[in-house]
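Peer 1: Task: produce atomic coordinates for the following.
(one chain, ligands or ions: 2)
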Amino acid sequence: MATAPPSTYSAVTLNINGEKHTLTVDHRTTLLDALRERLDMTGTKKGCDQGQCGACTVLLDKRRAVACLQLAVAAEGREITTIEGVAEGDQLHAVQQAFLDLDGYQCGYCTPGQICSAVAVIEEHAAGWPSAVTDDVRPEAGPPPLTPDEIRERMSGNLCRCGAYVSIVQAVARAAEADAAARADRAEQGTEHEGAAA
Ligand code: FES
Ligand code: FES
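Peer 2: Ligands and ions are numbered 1, 2, ... in the order given. Purely as a prediction, here's the structure:
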């Protein structure tokens with residue numbers, strides 16, 4: 001009797017925005033398709049489906065990732081944050097608020113990816129990560145000023161077919177300022193370390 005071919009399906013448990021979702025997926029299912037087609041989480045957008053446009057950007061363990069190039073089975077055990085999980089309840093994230101206040105979008109299709117990316121950009125910058133346009137990359141130089149050039153470079157993986165780049169850069173700059181002020185407040189109150197570890 002011929003042996004059955006190995007199954008190409010597995011049950012995975014995905015930790016998305018703090019909630020666990022268990023589903024059975026074909027091993028070839030991308031995280032993007034699992035989110036959109038299986039879990040009805042359509043905030044994460046599909047643009048190119050080949051890692052070129054950034055529309056599907058989510059956070060994996062707080063780092064940016066394009067969900068169209070991640071297999072859902074490989075995302076098990078990771079902390080996945082999508083645009084649906086960026087706000088704190090009814091309180092918009094500073095990046096979301098800045099995009100609203102400064103019209104950082106036109107049609108809005110790229111916006112969830114832009115916002116997820118910007119959230120991580122601000123964290124990366126605050127942690128002192130240089131970018132390809134940072135002049136002085138010595139650790140002792142500290143984080144470079146988050147100039148428009150720095151923002152453009154750090155956000156360059158997120159394309160906007162409407163060309164809303166001018167206001168996107170302004171929105172990221174404003175959110176970064178708000179984040180820096182909040183960090184300074186926490187440092188003054190001696191809670192920055194606890195906040196960073198949380
Ligand atoms: S849809 Fe994933 S990068 Fe374009
Ligand atoms: S706002 Fe339309 S694609 Fe960016």
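Peer 1: Identify each buried residue in stretch 13-33, please.
Peer 2: Within stretch 13-33, the residues scored as buried using 16 or more other Cβ atoms under 10 Å are 14, 16-17, 21, 25, 29-33. The way it works is simple: take the backbone N, C-alpha and C, and place the C-beta from them, glycine included.
Peer 1: got a list of contacts for that stretch?
Peer 2: Stretch 13-33 is contacted by residues 8-12, 34-35, 38-39, 41, 44, 46, 49, 56, 58, 67-82, 84-85 when judged by Cβ atoms under 8 Å, 6 or more residues apart in numbering.
Peer 1: Span of it from start to end?
Peer 2: 15 Å (Cα to Cα, to the nearest Å).
Peer 1: Now that stretch: average pLDDT?
Peer 2: Averaging pLDDT along stretch 13-33 gives 98.
Peer 1: what about that stretch, distance to the chain center?
Peer 2: 17 Å (Cα atoms, centre = their mean, to the nearest Å).
Peer 1: Stretch 61-70 too?
Peer 2: With Cα atoms, centre = their mean, you get 7 Å for stretch 61-70.
Peer 1: Near ligand 1, which residues of the chain are found?
Peer 2: Residues of the chain that fall close to ligand 1, judged by Cβ under 6 Å from any ligand atom: 46-49, 51-56, 66, 68.
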